[in-house]
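S.K.: only geometry, no sequence info:
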């Protein structure tokens with residue numbers, strides 16, 4: 001038992017005990033009491049290193065409680081102590097400066113010199129790196145892509161200047177994700193991601209291995225490789241996260257795998273089974289964004305399997321009022337829920353819901369940077385907009401044409417990097433676009449290519465939709481025998 005005057009006579013030991021106690025109280029589920037202990041520890045911390053240790057615990061706790069904006073604020077406060085100058089919503093100019101700085105430093109270094117760099121021994125630099133990386137989940141969840149990018153860039157710069165830790169490996173994976181998702185440099189992004197994973201081989205760190213593998217598998221790998229080959233990476237990430245006791249990232253890894261399985265063409269029954277099996281863990285994680293997105297995936301599979309299960313918001317009632325859940329949702333959760341709602345409404349021919357979902361999905365798609373939810377948005381937006389193009393006029397027509405132009409351009413770029421995942425989607429969009437413009441002959445050429453590509457790479461939902469659109473094109477050309485074939489194929493898919 002510490003003496004009554006331990007604060008003065010044994011301060012270092014007193015501080016260490018209080019720091020551990022605050023974390024234990026939080027892990028036991030008493031966030032409010034933990035917050036009081038965190039504040040008490042901060043008030044009596046004598047060095048900025050000790051303050052940073054407490055700030056890191058606060059960041060983890062607030063992120064776990066889905067207080068993403070508050071977590072970002074704490075990150076910026078902590079980094080201010082070390083003069084790193086990170087702000088929320090920093091703006092494109094700050095990101096561009098850091099990007100140029102990082103590229104200049106990387107230009108001066110060989111890949112091997114980065115791999116062989118010495119370890120960082122300065123405890124202040126090590127915790128700065130950890131705090132920079134701790135902002136990734138809350139910044140991504142609340143859609144602050146500039147803060148996400150800036151922190152990733154500064155983490156890479158700090159490592160290039162001071163040396164390596166396990167955090168360095170994760171930093172390079174994030175760097176690869178960012179230059180791929182934000183700049184469209186997907187091959188370079190993969191190269192940096194692989195460099196990060198190679199750096200991590202030096203360290204026995206399940207926590208960073210889990211974070212890095214999950215990010216690489218979900219945000220880097222699918223842009224240059226078949227999406228199905230990413231499933232094992234995210235499953236390994238989940239196991240590493242559990243081994244490290246990182247329930248936040250374990251929740252992310254399992255959710256990202258579910259998203260990838262949806263985009264990869266998994267059967268709806270299998271998707272529902274996967275998400276239902278994982279749902280108890282998502283509830284345990286207490287992350288509202290993860291829960292809302294996971295439940296939306298379950299409702300998506302149910303709505304498309306049986307129209308009686310369709311709900312306009314695709315949010316399970318046990319999360320509360322759907323309108324309130326939507327209002328409180330941030331960035332990625334909003335983007336995912338809106339895109340899923342758009343997909344379901346289009347497939348169920350609910351145009352009124354689809355129009356609202358198209359607006360919501362477009363407004364939130366920026367939050368899905370580098371996520372497989374981004375192509376999901378553009379595919380279903382393009383299919384819906386192609387459907388309503390003939391009847392659209394005025395401002396609505398301009399919105400429809402703009403959405404189609406962006407979707408066609410992005411899918412063309414993505415198919416150039418990974419035709420296994422995106423070429424059949426590009427052909428599907430082109431076919432729908434041609435059908436919407438009244439050129440069914442041209443539509444059939446694209447749709448036949450989409451059917452063949454989707455079948456070859458086992459995207460069964462896309463194959464079914466392409467067959468259905470080909471059916472409509474054949475009927476408009478009065479080719480009833482061909483239409484019958486497409487109908488049979490659509491049902492079979």
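M.R.: Everything's here; your move. Computed from a predicted model, the values in this text were never measured in an experiment. Numbers count the residues shown, from 1 in each chain.

S.K.: give the buried residues for the lengthiest helix in the chain.
M.R.: Criterion DSSP state H: the longest helix present in the chain is helix 394-417. By neighbour count on 16 or more other C-beta atoms under 10 Å, the buried set for helix 394-417 is 400, 403, 404, 407, 408, 410, 411, 414, 415, 417. For every residue, glycine as well, the C-beta is placed using N, CA and C.

S.K.: pull out the buried residues from the next helix or strand along the chain from it.
M.R.: For helix 394-417, the following helix or strand on the C-terminal side (DSSP states H and E) is helix 419-436. Residues of helix 419-436 classed as buried by neighbour count (16+ other C-beta under 10 Å): 420-436.

S.K.: about what we covered before: what's the longest helix of the chain in contact with?
M.R.: Residues outside helix 394-417 that contact it (C-beta atoms under 8 Å, 6 or more residues apart in numbering): 184, 186-187, 223-224, 358, 362, 374-375, 378-379, 381-382, 385-386, 388-389, 392, 421-423, 425-426, 429-430, 433.

S.K.: right, and residue 250 touches residue 236 too?
M.R.: No: judged on C-beta atoms under 8 Å, residue 250 makes no contact with residue 236 at a distance of 11.8 Å.

S.K.: for residue 92, see how far away residue 182 is.
M.R.: Relative to residue 92, residue 182 is positioned 10 Å away (C-beta to C-beta, to the nearest Å).

S.K.: more neighbours: those two, which one.
M.R.: residue 182 (18 against 12; other C-beta atoms under 10 Å).

S.K.: relative to residue 172, how far out is that one?
M.R.: 15 Å.

S.K.: wait, residue 132 sits on residue 154?
M.R.: Yes: Residue 132 lies in contact with residue 154 (C-beta under 8 Å); the separation is 5.7 Å.

S.K.: look at those two and report which has more neighbours.
M.R.: Relative neighbour count places residue 132 above the other of residue 132 and residue 154, with 27 against 21, counting by other C-beta under 10 Å.

S.K.: show me what contacts the more buried one?
M.R.: By C-beta under 8 Å, 6+ apart, the residues touching residue 132 are 75, 79, 84, 86, 151, 152, 154, 155, 158, 171.

S.K.: so which of those residues wins on neighbours?
M.R.: That'd be residue 171 among those, by other C-beta under 10 Å, with 31 neighbours.

S.K.: where does the stretch 351-493 of the chain have low pLDDT?
M.R.: Along the stretch 351-493 of the chain, segments meeting pLDDT under 70 span 481-483, 485-493.

S.K.: just want the angle from the longest helix of the chain to helix 419-436.
M.R.: Counting by axes from the mean of the first three to the mean of the last three C-alpha atoms, to 10 degrees, helix 394-417 lies at 150 degrees to helix 419-436.

S.K.: ok so, going back, residue 250 and residue 236: which is more packed in?
M.R.: residue 250 (25 against 16).

S.K.: which SSE is the nearest residue to that one once chain neighbours are set aside in?
M.R.: Excluding the flanking residues, the one nearest residue 250 by C-beta to C-beta, 6 or more residues apart in numbering is residue 241, at 3.6 Å. Using DSSP H and E, residue 241 sits within helix 231-244.

S.K.: buried residues, that helix. List them.
M.R.: Those would be 233, 234, 235, 236, 237, 238, 239, 240, 241, 242, 244, for helix 231-244 by 16+ other C-beta under 10 Å.

S.K.: residue 206 is in contact with the last one, correct?
M.R.: Which is residue 244. Yes: look at residue 244 against residue 206 with C-beta under 8 Å: they come within range, at 4.1 Å.

S.K.: with adjacent residues omitted, what lies nearest to residue 78?
M.R.: Nearest one to residue 78, counting by C-beta to C-beta, 6+ apart, is residue 55 at 3.8 Å.
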